[in-house]
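# With the input below, show me the fold.
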Amino acid sequence: MTSQQQLSKRGFSAAQKPMRVDLEIYYKALENTYHPIDNPKGSFPMNMAENHLCWDMLRHKIESVTREKPIPDWVSSYGDPAGVPSFRETTAAFLSEFLIGQSISSEHLAFSVGATSVIEMTAFLLGDEGDTAVIPAPSYPVYTADIGTIPGLKRHNLQTHQEIHELANGFPIKISQLEAAKAEIEALGSKFRMLILTTPDNPTGGIYSQEQLQVLADWCIDNGTHLIVNEIYGLSRIDISHPEIKDNYPNPIPFLSFANLMAERKSPFLHLWYSFSKDLGISGFRIGLVHTYNEALLGGYRNAGLSHAISNHTQWVLQEVLEDREFMKEFIASSQAALTQSYVTVVRQLKALNIPYNPSYGSLFVWLDMSEFLQENSDQGQEDLWLELFNKTGILLTPANGFGHQKKGLFRMVISGISHDDLEVAMERFRIFVLGKRQ
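You can find the predicted model right below:
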């Protein structure tokens, strides 16, 4: 009996499609990571969106909680699948103070195990199988699996620009582009069910202005389309006033959480995603949430979410950490300073090498253009360059495959997964590679 006969159609499809194209090489790089003494010729995995810059600081805090605090009785019992009340209240207060800037109610939050689960659950509850989610390109490759594998939604990559420099003044997304996408999707017999934005963006590091979000929200409400804004990098912001990079932002765009606009409109078509994975560097904790004023969505989330519920112990530990506001204030400031230092280290070298990149406002990435080194302008040419860089330098970037953008030769560099000292070594190897290619 073949594997196709052993599985359902969905199971066979899932078995045939790797979650992302760089996983196999990522595991190879992890087995040979750089160490200045023990492994000076080792690799630099810079493709996985993890933030290790201030983990030691947070780890000490978590260790003190688990060592000094008594575990409450509710930890051992069943709880609300959408998050136990005390954890929802603590998170609402944290988001209100640090991300949003105004108070939100815990009654408008629902939790599940990580951002992936939140995306999957939201898509499952808002869309029907065969509906379409529109996502401006380039964007997070694994959105495709998150909305597709179980919910059964399709992904439409909206091409808003061709070259990196077109992002200089923000995302060039227009209502006419949404109208065209809607007509194309409906002509194919599908429904434009949702528009997904990420701000700060993965991979470009750009942000959407409040004016843009207002226009897009109005269009979505008028068309009965759900607008979901993912702020998973909302506190992973770059200090754009840093003297080495401030000239990259002649018309700076202020970050303002989409939750503020949601509070004004209170529309059932406006939603926000968040997770602690990136801003706190705890992707292994698996804590994500949706913020919405759509009562039916919250009810469905609670009723269908038992298999996605977060461990009560995990909720308790993070609740204790978040309630220490002074610690969180210090942690966020330290994390943003460390992230800015990493960013400056990278773009300093890119500037010196005249490698185009998009000035980032936040996220854990630099989105750079290495198309000048393509042997052929194709997916294969892009993959060949990606592998050549890894084989010659040990630097593993995320290739643009799956980001949905038409231009070839663009790559995402994760700047938060290795120490500042190691990043200096990696960028020196990158410099030697670029100069060698040009010669």
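
# Same question for the helix or strand hosting Ala181: list its buried residues.
Taking DSSP states H and E as the criterion, Ala181 maps to helix 175-187. Going by neighbour count (16 or more other Cβ atoms under 10 Å), the buried part of helix 175-187 is 178, 181-182, 185. All C-beta atoms are positioned from the backbone trio N, CA, C, and that covers glycine.

# Show me what it is packed against.
Applying 3 or more Cβ pairs under 8 Å, 6 or more residues apart in numbering; DSSP states H and E, we find helix 175-187 packed against strand 132-137, strand 154-159, strand 192-198, helix 210-223.

# neighbouring contacts of that helix?
Around helix 175-187, the neighbours that count as contacts under Cβ atoms under 8 Å, 6 or more residues apart in numbering are 132, 134, 156, 158, 160, 191-192, 195, 215-216, 219, 223.

# do stretch 214-231 as well
99, 115, 119, 122, 126, 173, 175, 178, 182, 192-199, 208, 213, 257-259, 261, 265, 267, 269-274.

# go again using 7 Å as the cut-off
Stretch 214-231 is contacted by residues 99, 122, 126, 175, 178, 192-199, 257-258, 261, 265, 267, 269-274 when judged by Cβ atoms under 7 Å, 6 or more residues apart in numbering.

# now that stretch, how far from the chain's geometric center?
Its chain's C-alpha centre and that of stretch 214-231 lie 19 Å apart, by Cα atoms, centre = their mean, to the nearest Å.

# Stretch 258-271 too?
The answer for stretch 258-271 is 21 Å, by Cα atoms, centre = their mean.

# Near Ala49, how many other residues are there?
If you count neighbours by other Cβ atoms under 10 Å, Ala49 ends up with 22.

# before we move on, what about Ala145?
Count around Ala145 with other Cβ under 10 Å applied: 19.

# Kindly report the same for Phe433.
18.

# Secondary structure element holding it?
helix 420-438.

# Could you list every helix and strand that that helix packs against?
Applying 3 or more Cβ pairs under 7 Å, 6 or more residues apart in numbering; DSSP states H and E, we find helix 420-438 packed against helix 325-353, helix 379-393, strand 395-396.

# what would these look like in TSV with distance to Ile37?
Formatted as TSV, the helices and strands packed on helix 420-438 follow (distance: least, Cβ to Cβ, whole Å):
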stretch	distance to Ile37
helix 325-353	21
helix 379-393	19
strand 395-396	20
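
# Now render those as CSV, adding distance to His108, mean neighbour count and mean pLDDT.
Below are those laid out as CSV (distance: least, Cβ to Cβ, whole Å; neighbours: other Cβ atoms under 10 Å; pLDDT from 0 to 100):
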stretch, distance to His108, mean neighbour count, mean pLDDT
helix 325-353, 21, 17, 98
helix 379-393, 42, 17, 94
strand 395-396, 40, 24, 96
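
# what about those, which gets the closest to Leu109?
helix 325-353 (17.6 Å; Cβ to Cβ).

# Out of the helices and strands packed on helix 175-187, which gets nearest to Asn32?
strand 192-198 (31.4 Å).

# Report the strands that pair with that closest one, each with its relative direction.
strand 132-137 (parallel), strand 226-230 (parallel) (DSSP bridges).

# tell me the mean pLDDT over that strand?
Strand 192-198 carries an average pLDDT of 98.

# In PDB, could you pull the C-alpha coordinates for it?
C-alpha atoms of strand 192-198 as PDB (Å, rounded to 0.1, in the frame of the first residue of the first chain):
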ATOM      1  CA  PHE A 192     -11.600  37.700  -1.000                       C
ATOM      2  CA  ARG A 193     -12.100  36.800   2.600                       C
ATOM      3  CA  MET A 194      -9.300  38.500   4.400                       C
ATOM      4  CA  LEU A 195      -6.400  41.000   4.000                       C
ATOM      5  CA  ILE A 196      -3.400  40.200   6.200                       C
ATOM      6  CA  LEU A 197      -0.800  42.800   7.000                       C
ATOM      7  CA  THR A 198       2.300  42.500   9.300                       C
END
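
# tell me the angle of it relative to helix 175-187?
Taking axes from the mean of the first three to the mean of the last three Cα atoms, to 10 degrees, one finds strand 192-198 and helix 175-187 inclined to each other by 140 degrees.

# one step back: could you redo the strands paired with strand 192-198 as CSV and give each row mean neighbour count and mean pLDDT?
Converted to CSV, those look like this (neighbours: other Cβ atoms under 10 Å; pLDDT from 0 to 100):
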stretch, mean neighbour count, mean pLDDT
strand 132-137, 23, 97
strand 226-230, 25, 98
